[in-house]
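In: Okay, sequence plus prediction incoming.
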Amino acid sequence: MALNTIRAATSAGDTDRPVPRWAVITAHAVPLVVLPSSLWRLPIAFNFAMGQIDPAAPGWRWFVVPYVFGLSLLTEGLALLTFGLVRKWGEVAPAWIPWIGGKRIPPVAAIIPATLGGLILTVLWGYGVLGYWHIGGMSHVEYTNGWWHALATVCITPLALWGPMLLVVTYAYHVRRRRPVAADVPPHPVT
C-alpha cells in the first residue's frame, strides 16, 4: 500500500475546478468551531445563568427563549454557508431558487460578503476573546467559580477562529474562481 495517498486537491464531483483539501477541511470545521458557543448559550434561554454573575441583569422574559434559540440557529446557519465556498452551489445557484436558479454566481457575489463577514467576525470575536482572557483591560463577565469560567472560555474562545477560517476559505474560493474555466483547459494539438 502506498503511503502517498494524500491529495492536494479534492473534487466533490460538482465543482468546476478541484477544491484544495485544506479548504474543504476548514469549511467543514467552521460549523464545529461555532457549535460549542451555540450550545453553551441555550440554558441561558431558560434563566440558567451558566455561572455568570451580573447583578444588573434584567429578570427572565418570555422573549428570551426565541431570541437565544434564534441566535443559535442563525449563528450555525451562517457558519454552514461556508460550505458554499467549496461546493457547486457556491458557483451555480440551486435550481429551486426563484429567478436565479441554475445561473452562475459571479465570484464577487460570494467573495465580497464572505470577506466582509470574515473581517467583522475577526474583529467582533477577537474583542470578545480578549475580554474572556482579561487581556488589555477589556471588560469581562464574572463567574461564581473557576469551573464556570473555564467552561465559558472553552465554549466561547473557538469563535475567534471563525473569522480567520472564513477568510482563508474565501481566499481559496477566489483563487479557484479567478479565471474562466475554459482557461484551465490546455489546447489540444490538431492531428
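Out: On my side now, so go ahead.
In: got any ranges where the chain has weak pLDDT?
Out: Across the chain, the ranges flagged by pLDDT under 70 are 1-13, 132, 136-139, 179-191.
In: now do 90
Out: Across the chain, residues meeting the criterion (pLDDT under 90) sit at 1-16, 47, 49, 51-62, 125-143, 146, 149, 152-153, 156, 178-191.
In: centroid residue for it?
Out: Ala79 (3.5 Å; Cα atoms, centre = their mean).
In: Wait, that one touches Ala29, no?
Out: No: counting by Cβ atoms under 8 Å, Ala79 sits too far from Ala29 to count as a contact (9.7 Å). Placement of C-beta: from N, CA and C, glycine included.
In: Quick check: which element contains the residue nearest to the centre of the chain?
Out: Using DSSP states H and E, Ala79 sits within helix 64-80.
In: Go through stretch 72-88 and flag the buried ones.
Out: For stretch 72-88, the neighbour count (16 or more other Cβ atoms under 10 Å) marks Ser72, Thr75, Glu76, Leu78, Ala79, Leu81, Thr82, Phe83, Gly84, Leu85, Val86 as buried.
In: ignore the last one, stretch 46-63
Out: Buried residues in stretch 46-63, counting neighbours by 16+ other Cβ under 10 Å, are found at Met50, Gly51.
In: Look up how far Cys155 lies from Gly101.
Out: 38 Å (Cβ to Cβ, to the nearest Å).
In: ok, these two, which is more surrounded?
Out: Cys155 (18 against 11; other Cβ atoms under 10 Å).
In: Who are the contact partners of that one?
Out: Contacts for Cys155 (Cβ atoms under 8 Å, 6 or more residues apart in numbering) come out as Pro36, Ser37, Leu39, Trp40.
In: after the helix holding Ala79 comes which helix or strand?
Out: Following helix 64-80 toward the C-terminus (DSSP H and E): helix 107-132.
In: can you give me how far that next one is from the chain middle?
Out: 9 Å (Cα atoms, centre = their mean, to the nearest Å).
In: If you count contacts, what does the following helix or strand past it end up packed against?
Out: Using DSSP H and E, the next helix or strand after helix 107-132 towards the C-terminus is strand 142-143. With contacts taken as 3 or more Cβ pairs under 8 Å, 6 or more residues apart in numbering; DSSP states H and E, strand 142-143 sits against strand 52-53.
In: who are the neighbours in contact with the residue nearest to the centre of the chain?
Out: With the criterion set at Cβ under 8 Å, 6+ apart, Ala79 makes contact with Val30, Pro31, Val33, Val34, Trp162.
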